[in-house]
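In: no sequence on this one, just coordinates:
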């Protein structure tokens, strides 16, 4: 007699048993993922004096955050950073992916080497870029002929953000490239061959075949990068400390959680960040879902 | 049957993984959380720990937990641990301005029972910084007062006023093609101390002496910002000044790229070129002097320094107290600090260190040095000063508005209490 039959005979069917088995994992996930969110929601409706709870405050913290320039400036900085870095990472990553998808000598080595920036911990690469952008021993001023010798990248409004974006693009473009490369490899060569026979130019093959078929991979890459960029903390923290309009949402949260602690406001800001990231994530996921479904119908 | 066995085994494994992960804390060993260059391998903390561990072969041994170099970051890490009631750190290294905050939050064990031993030997200023509300919460370990470093091969006499310093710096810097002045201009705590020195040097202050009234007057406050603003614009401040912290300015000065530097005494020893792994282009070519003021009378330095405290969540409070007493009131330990250009807090060792130029100058400067106000709100105040003064001296904000915003915030911290 098989064990399944025994289980069934004891009135615990396959699906209930399955539920029992996944219960611990579901419970663990709830504890790890859901509990902090709910706890932050609870904290966010209390007012604090330093670390001492003063009492229930309702939505006062939210009203205060949303009506303050101190909230919108980092929001603005975060959005600028995200838009610029994700766009550049996508364009450069796509270029890398198209090159790596071709057969050439040393392709395996190239694929491994290109990941090096991504493997370096962000804090370390932030330190590295911070040093390179410095004025006096700065490697960048030494080699970049198009800027003055004593150009102060991290200490000039506007350019500080540019420096941070450059550091981020350097680090994560390879990651985008790899995701897109995986997408490229699922496109069969036969499609290209028949297009070529039909007389399609290289540009037409790229826009009519590669891009549409790569769309799911592109959306996944953009989703990952956008959500990640919206949470950026380490690069601006290390490179500028938030000076010259480079303070991001996560840094603002950190300020209220640890620097000058106000757990209520800190939790409120975390929840607002969470909602923003979740919202943008949902947009991508819905685009992705529609695309997959639409692609299925089109065939 | 097999399925039931599998189920039970799975549950047991899950339960075991939840419970088994908790191990009893490392028995006996003490962890000393300390930041800045002192925590580096071979830094001053390792001397102290080596002496302690040698005297206590049977334990408890002390281990250094190196915190980030920047004081803000080091504080944050301790706050996170203490907020979580973590017993990770036994001995905490507190900047002189954190005593009130850490004590108010209930993170410290008071040191009243070792107070007589500490009081008998420590300098009065540092001792005061370790006290809050009449209770001793920490033991003074090192003191600090900022100094003016100058190139003896380029400048005969160190200037006595800020304006003269600017003039000489600009002239000599231009002649030599190097930067006139380096200091701490990045948006962080260090810049606040730099600003306060200009403010004090112009006759201003933040609070009245007893801390009950705001004394942030418009005129000296503006004088200080205007000076900084002009210095950045006319090139008295080195290129990249607004991203510099202590080590950036030391590196620039040490590689011969600056005429003057405002920094703490620790830089003296490091720039003397005695360590072959740390070559110095200015070895034997630099001197130290008291910081200038605007009027040219006297000197006013900001004080820093570190006190040692015992965490309330430590698993071994008695041993931790013993270590704190050892590090604060043992002549050998304190003398060793002095040899590393860290100002000892034991009055008696200054006599032994009189031959050292840094210690001799500190003996002159420390009596005129001023601490930042000791209020539990200091972190918040410093944050506001950073956010107002930094853009103001960088030409991003009107100095008048910045001064007004700081005054309003200072007032609000008094009104709450």
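Out: Happy to help now that I have it. Keep in mind that what you see is a predicted model, and the values were worked out from it rather than measured.
In: Now do the contacts for the nearest residue to residue B:407 once chain neighbours are set aside.
Out: What sits nearest to residue B:407 in space, not counting adjacent residues and going by Cβ to Cβ, 6 or more residues apart in numbering or on different chains, is residue B:216, at 4.8 Å. Yep, even glycine has a C-beta here, placed from its N, CA and C like the rest. Shown in contact with residue B:216 (Cβ atoms under 8 Å, 6 or more residues apart in numbering or on different chains): B:204, B:205, B:206, B:207, B:403, B:406, B:407, B:410.
In: measure residue A:154 to chain B for me?
Out: Per Cβ to the nearest Cβ, to the nearest Å, residue A:154 is found 5 Å from chain B.
In: So what's the residue count around that residue?
Out: A total of 26 residues lie near residue A:154 under the criterion other Cβ atoms under 10 Å in any protein chain shown.
In: and the closest residue to it other than its chain neighbours, how many neighbours?
Out: Counting by Cβ to Cβ, 6+ apart, residue A:154 lies nearest to residue B:243, which is 4.7 Å off, once chain neighbours are set aside. Residue B:243 sits with 25 neighbouring residues when counted by other Cβ under 10 Å.
In: Please give me every residue in contact with residue B:243.
Out: A:134, A:135, A:152, A:154, A:155, A:240, A:243, B:185, B:186.
In: tell me the contacts of the closest residue to chain A within the stretch 51-200 of chain B?
Out: Chain A sits closest to residue B:187 of the stretch 51-200 of chain B, with a gap of 4.1 Å, by Cβ to the nearest Cβ. With contact set as Cβ under 8 Å, 6+ apart, residue B:187 has these partners: A:240, A:241, A:242, A:243, B:242, B:386, B:387, B:390.
In: Among those residues, the buried ones, what's the ChimeraX command?
Out: Buried residues within the contacts of residue B:187, by 16 or more other Cβ atoms under 10 Å in any protein chain shown, are selected in ChimeraX with:
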select /A:240,241,242,243 /B:242,386,387,390
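In: Show me which strand runs longest in chain B.
Out: strand B:303-311 (DSSP state E).
In: Any residue of that one touching chain A?
Out: No. Against chain A, strand B:303-311 shows no contacts by Cβ under 8 Å from any Cβ of the partner chain, the least distance being 15.7 Å.
In: what lines up beside that strand in the sheet?
Out: strand B:91-95 (antiparallel), strand B:108-109 (antiparallel), strand B:139-145 (antiparallel) (DSSP bridges).
In: Make a markdown table from those and add mean pLDDT and mean neighbour count to it.
Out: Listed next are the strands paired with strand B:303-311 as a markdown table, based on pLDDT from 0 to 100; neighbours: other Cβ atoms under 10 Å in any protein chain shown:
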| stretch | mean pLDDT | mean neighbour count |
| --- | --- | --- |
| strand B:91-95 | 94 | 26 |
| strand B:108-109 | 96 | 20 |
| strand B:139-145 | 92 | 28 |
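In: will you turn those into a markdown table that also has distance to residue A:290?
Out: Listed next are the strands paired with strand B:303-311 as a markdown table, based on distance: least, Cβ to Cβ, whole Å:
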| stretch | distance to residue A:290 |
| --- | --- |
| strand B:91-95 | 55 |
| strand B:108-109 | 58 |
| strand B:139-145 | 63 |
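In: Of the ones you listed, which is nearest residue A:278?
Out: Residue A:278 lies closest to strand B:91-95 among those, at 37.8 Å (Cβ to Cβ).
In: Say whether chain B is contacted by stretch A:269-283.
Out: No. Stretch A:269-283 stays clear of chain B (Cβ under 8 Å from any Cβ), getting no nearer than 14.9 Å.
In: Could you pull out the buried residues of that stretch?
Out: A:269, A:270, A:271, A:272, A:273, A:274, A:276, A:277, A:280.
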